[in-house]
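1. the following comprises the amino acid sequence and a computationally predicted model.
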Amino acid sequence: MNILLFLAPASLALGALGLAAFLWTMRSGQYEDPKGDAERILYDHLEDRPPTAKPK
Amino acid sequence: MSQSLAVPRDLEAFVHRDAAGKGRLELLVSGARCAACIGKIEKAVVSVPGVESARLNLTTGKLAVDLGVNSADPDRVVEIVEELGYRACLFDPTEAAAAQDREGRELAVALGVAGFGAGNVMMFTVPAWAGLFGQELNASTLTVMYWLAAIVATPCALFAGRPFFRSAWASLRRGKANMDVPISIGVILTLIVSFSETILGGRHAYFDAAVTLLFLLLIGRYLDHRLRANARSAARDLLALQSPVAVRLEGGIERGVPVAEVRVGDRVVVAPGERVPVDGRVEAGVSEIDNALITGETAMAAVGVGSTLHAGALNLTGRLVVVVTARSEDSTLAAIARLMEAGAQSRSAYVRLADKAAALYVPIVHSAAALTFVASWALGLGPREALLRAAAVLIITCPCALGLAVPAVQIAASGRLFRKGVLVKSGAALERLAEVDYVVLDKTGVLTEGQPRLIGAFNHLVAMAAPLARASRHPLARALAAQAGVGLVAHDCVETPGQGVEGLIDGRRARLGRASFVGAAQGARETELWFSFIDDDVKIRFAFEDQPRADAAAAVAALRALGLGVEILSGDLEEPVGQVARAVGVQNWRAGLTPIEKAAAIDRLKAEGRKVLMVGDGLNDAAALARAHASMAPGAAVDAAQNAADLVFTGDELGAVAQAITVARTARRRALENFAFSALYNLIAGPAAMLGLINPFIAALAMSGSSITVLLNAVRPALGERRSR
């Protein structure tokens, strides 16, 4: 049963990592333009990072 | 586009400045489709001096342009995008701010947190379920598992439940109970009972149910929000394309401003081909005006100094300077505005399906829970056990499926309509549309195309006049040119506003325009053009007519097939309305109606007990649109009509009306089926909980089971449609 003390926090941490990653993608505007991003990634001359510093 | 044809002007009002003085500009660009478009547009815009960066959002069609302190000319940006062959218009900065989707972001974050909670709490509750069936978990391990579950589930549930708690609280303060009240009570009660059970070492802890419930409900809530946000932004884009800029004269300088900023007494310039932005009186200039969107009349009116113009009228031939007599918000007849407001009020009193269900559901469930408590205690169970059973009733009947029942169906239905070019403004609109039993159609712009088309002319005559027609911007001349196709343009053309155009065709001087301009005997009708060579006595007459839409008759037949009565109410003259009515096969028609008479006619139909769908596009229809049970407007309608309408169809086909009604009816049927499903589930699970037969495993299974059934039923029409295609 002692293994639980290690496994439970470890798996929770992994889950939290996933949640944090989702929140980060939300905040950095990666869902703003799915259609555009699909095209932008194909060409080097197009800016393919999400737009930052949006006025709030 | 109209902007690029005008004299250069100052559009600073459209630039949004931050504290450092850097500007930001938003444009709506249509026509961009691929990476090559993005590259072309961004590169061209960045090359404009004063522009720091530009970024096109392909999904929304918005081009965000960052300007330096030494601002670039917004007009130049619009122009350069249009030179590339895309349609562009400036977006009002207040609209752009409103478009930012804070609510959607909050829901998505809540959904993410609930998903994390629902996934991870299972780690601890699944072993606990195993313990319920006499497997290896002993009592102390079970308690540890529940404590771990509590640590994960409680913060997640409290965070993800905020949208529901807030809405429930707001509803309770108004003295009503919406669907969020039982949801909030259910979630909070579940947490409290689970904690007390865990502390007392019992087995009935439902931490997983609380989070999973919220996760499923948030999916429904998020879908519902996306539907409304998409429809709203699409509707906003349509309007932005219509009247983006009013050109105000300020001491001789033309300055473009958002229409909302125009004040009474300002002087605005209306170039040929543009719509009059606000009500006003002509101060200088001569032109012809197309009032089709305002009165429904197809004939054009000549205007000169002193004439009164209404917002939405299309200026055809000459440049006009107009003194504003009413601001955009209160322009065009206070009576129409008052009628619309009254209509909107009666509409907000409409009770939605889900709220009707909640009104029925909440008292039943809560009295059942109270009854369980009293009965169990009276029958000799301890107060703790009695309370637990009452709580189990509330938890198991928590309206998860009920909360999903309507939004899931409506998102599927709106998605289908969206692909057909019909925008649905709200879920309530779909519900009202499904109840409709009578359809009132406007003529101009709804049954007809709203644009003149040449009728009964010989091809060689059309070809003869075409070179002059191609040089003119007059809509009748354009219709003539469209009929003739691509070809030569006349030389040395001079266009006289309100009269016609004169020029050289193969060295011969010719005129195209009104009868008096060409020198023919005075023509009786406005919807005709005359053509003649100056050195020739032969005058050729071209007649134009606003033709019914290609599928108008079929669309009316389709409405009849749905069991709906059809009537035409028009502001146009007796003769053209009668013609169109006969062509599309409608016996019930009335002509020459004022906007107030139209609204009164709708009221009369309502008094007869009919649920009326109004389809109209003009300012004269706006009051009727707002008062009808449900309303639709074509995408080319004036903004007042689009604002008043529940649905906007963007295609050329009137058949969209019948399709929308069919989809709305299917959606209503599905929603009722979903209610039946959740009622059935509650009829089984409720009594089981009252008898104390529920454990956490069964609760989790039953809850997600019913939600998934409801979701699958909601997407069923979409599946059926794909197969039939």
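-> On my side now, so go ahead.

2. buried set for the helix or strand of chain A with the lowest mean pLDDT?
-> Least confident helix or strand of chain A, by mean pLDDT, DSSP states H and E, is helix A:34-40 with a mean of 84. Neighbour-count burial for helix A:34-40, counted by 16 or more other Cβ atoms under 10 Å in any protein chain shown, picks out A:36-37, A:39-40. (Each C-beta comes from the backbone N, C-alpha and C, glycine too.)

3. and stretch B:52-66, by the same measure?
-> In stretch B:52-66, the ones that count as buried by 16+ other Cβ under 10 Å are B:54-58, B:60-66.

4. quick one: end-to-end length of that stretch, please.
-> By Cα to Cα, to the nearest Å, the extent of stretch B:52-66 from end to end equals 5 Å.

5. does chain A sit close to that stretch?
-> Yes - Stretch B:52-66 is in contact with chain A by Cβ under 8 Å from any Cβ of the partner chain, via B:55-60, B:64.

6. show me the contacts for the residue nearest the centre of chain A.
-> Closest to where the C-alpha atoms of chain A average out (Cα atoms, centre = their mean) is A:T25, at 3.5 Å. When contacts are counted by Cβ atoms under 8 Å, 6 or more residues apart in numbering or on different chains, A:T25 touches A:Y31.

7. tell me the one among the buried residues of stretch B:52-66 nearest to chain A.
-> Of all these, the one sitting nearest chain A is B:L58; the distance, using Cβ to the nearest Cβ, is 3.4 Å.

8. isn't the closest one up against A:E32?
-> No - with contact defined as Cβ atoms under 8 Å, B:L58 does not count as touching A:E32 (10.3 Å).

9. and the strands in the stretch 351-500 of chain B?
-> B:422-424, B:438-441, B:448-455, B:491-496, B:500-505 (DSSP state E, counting those that start in this stretch).

10. near chain B, which residues of chain A show up?
-> A:1, A:4, A:8, A:11-12, A:15-16, A:18-19, A:22-23, A:26, A:31-36, A:39-40, A:42-43, A:45-47, A:51, A:55-56.

11. helix or strand for B:L249, which one?
-> Assignment of secondary structure by DSSP states H and E places B:L249 within strand B:246-250.

12. next helix or strand past that strand?
-> Taking DSSP H and E, what comes next after strand B:246-250 is strand B:253-257.

13. pull the CA atoms of that following strand into PDB?
-> Taking Å, rounded to 0.1, in the frame of the first residue of the first chain, the C-alpha atoms of strand B:253-257 are listed here in PDB:
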ATOM      1  CA  ILE B 253     -12.300  68.200 -45.200                       C
ATOM      2  CA  GLU B 254     -13.900  64.800 -45.600                       C
ATOM      3  CA  ARG B 255     -13.400  62.700 -42.600                       C
ATOM      4  CA  GLY B 256     -14.600  59.100 -42.300                       C
ATOM      5  CA  VAL B 257     -16.200  58.300 -38.900                       C
END
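
14. name the residues of that strand that are buried.
-> B:254-257.

15. which residues touch the closest residue in space to B:A555 that isn't next to it in sequence?
-> Leaving aside its sequence neighbours, B:A555 sits nearest to B:L654 (Cβ to Cβ, 6 or more residues apart in numbering or on different chains; 3.9 Å). Going by Cβ under 8 Å, 6+ apart, B:L654 touches B:446-447, B:549, B:551-552, B:555.

16. farthest-apart pair in these, please.
-> Of all pairs drawn from the contacts of B:L654, the widest gap by Cβ to Cβ lies between B:V446 and B:D551 and measures 12.2 Å.

17. so these two - more neighbours on which side?
-> B:V446 (30 against 16; other Cβ atoms under 10 Å in any protein chain shown).

18. give me every residue that touches the more buried one.
-> B:615-617, B:634, B:654 are the contacts of B:V446 under Cβ under 8 Å, 6+ apart.

19. among those, name the buried ones.
-> B:615-617, B:634, B:654.

20. so which of those are in helices?
-> Judged by DSSP state H, helices contain none of these.

21. want to throw these into CSV with distance to B:Y222 and pLDDT?
-> Shown next, in CSV, are the buried ones among the contacts of B:V446 (distance: Cβ to Cβ, whole Å; pLDDT from 0 to 100):
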residue, distance to B:Y222, pLDDT
B:V615, 32, 92
B:G616, 34, 88
B:D617, 33, 83
B:P634, 31, 87
B:L654, 34, 87
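
22. which bits of chain B sit near chain A?
-> By Cβ under 8 Å from any Cβ, the part of chain B that sits against chain A consists of B:16, B:18, B:24, B:34-35, B:38-39, B:42, B:55-60, B:64, B:100, B:105, B:108-109, B:112-113, B:115-116, B:119-120, B:123-124, B:141, B:144, B:148, B:152.

23. what about the stretch 401-550 of chain B, any weak spots by pLDDT?
-> Scanning the stretch 401-550 of chain B with the threshold set as pLDDT under 70 gives B:497-498, B:521-526.

24. quickly note the distance from whichever residue of chain A sits closest to chain B to B:C37.
-> Going by Cβ to the nearest Cβ, chain B is nearest to A:G36 of chain A, at 3.4 Å. Applying Cβ to Cβ, to the nearest Å, the value for A:G36 to B:C37 is 10 Å.

25. what touches both of the two?
-> Joint contacts of A:G36 and B:C37 (Cβ under 8 Å, 6+ apart) are B:56, B:58.

26. for the strand or helix carrying B:V193, the averaged confidence score.
-> Following DSSP H and E, one finds B:V193 within helix B:180-199. The average pLDDT within helix B:180-199 is 86.

27. pipe the strands of the stretch 351-500 of chain B into CSV and attach mean neighbour count and distance to B:A358 per row.
-> What follows is the strands of the stretch 351-500 of chain B, written out as CSV (neighbours: other Cβ atoms under 10 Å in any protein chain shown; distance: least, Cβ to Cβ, whole Å):
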stretch, mean neighbour count, distance to B:A358
strand B:422-424, 26, 22
strand B:438-441, 26, 30
strand B:448-455, 20, 43
strand B:491-496, 14, 64
strand B:500-505, 21, 65
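
28. nearest to B:A688, out of these?
-> Among those, strand B:422-424 comes nearest to B:A688, with 39.0 Å by Cβ to Cβ.

29. distance from the closest one to the middle of the chain?
-> 6 Å (Cα atoms, centre = their mean, to the nearest Å).

30. then stretch B:624-643?
-> The answer for stretch B:624-643 is 11 Å, by Cα atoms, centre = their mean.

31. per-residue confidence for the closest residue to A:A8 other than its chain neighbours?
-> In space, and not counting its chain neighbours, A:A8 is closest to B:L148: 5.9 Å by Cβ to Cβ, 6+ apart. At B:L148, the model reports a pLDDT of 88.

32. now do the phi/psi pair for B:F531.
-> phi -130, psi 140 (degrees, to the nearest 10).

33. bridging residues for it?
-> Beta-bridge pairing of B:F531 under DSSP bridges involves B:L512, B:I540.

34. ok, it touching B:I540?
-> Yes - between B:F531 and B:I540 there is a contact under Cβ under 8 Å: 4.6 Å.

35. so what's in contact with the two at the same time?
-> Contacts common to B:F531 and B:I540, judged by Cβ under 8 Å, 6+ apart, are B:461, B:464-465.

36. among those, name the buried ones.
-> The buried subset of the shared contacts of B:F531 and B:I540 - by 16+ other Cβ under 10 Å - is B:464-465.

37. can you list the shared contacts of B:F531 and B:I540 in TSV and add distance to B:R226?
-> Putting these into TSV (distance: Cβ to Cβ, whole Å) gives the following:
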residue	distance to B:R226
B:L461	55
B:M464	56
B:A465	52
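
38. now the helices: where do they sit in the stretch 151-300 of chain B?
-> B:162-173, B:180-199, B:207-242, B:292-295 (DSSP state H, counting those that start in this stretch).

39. then chain A?
-> A:2-27, A:34-40.
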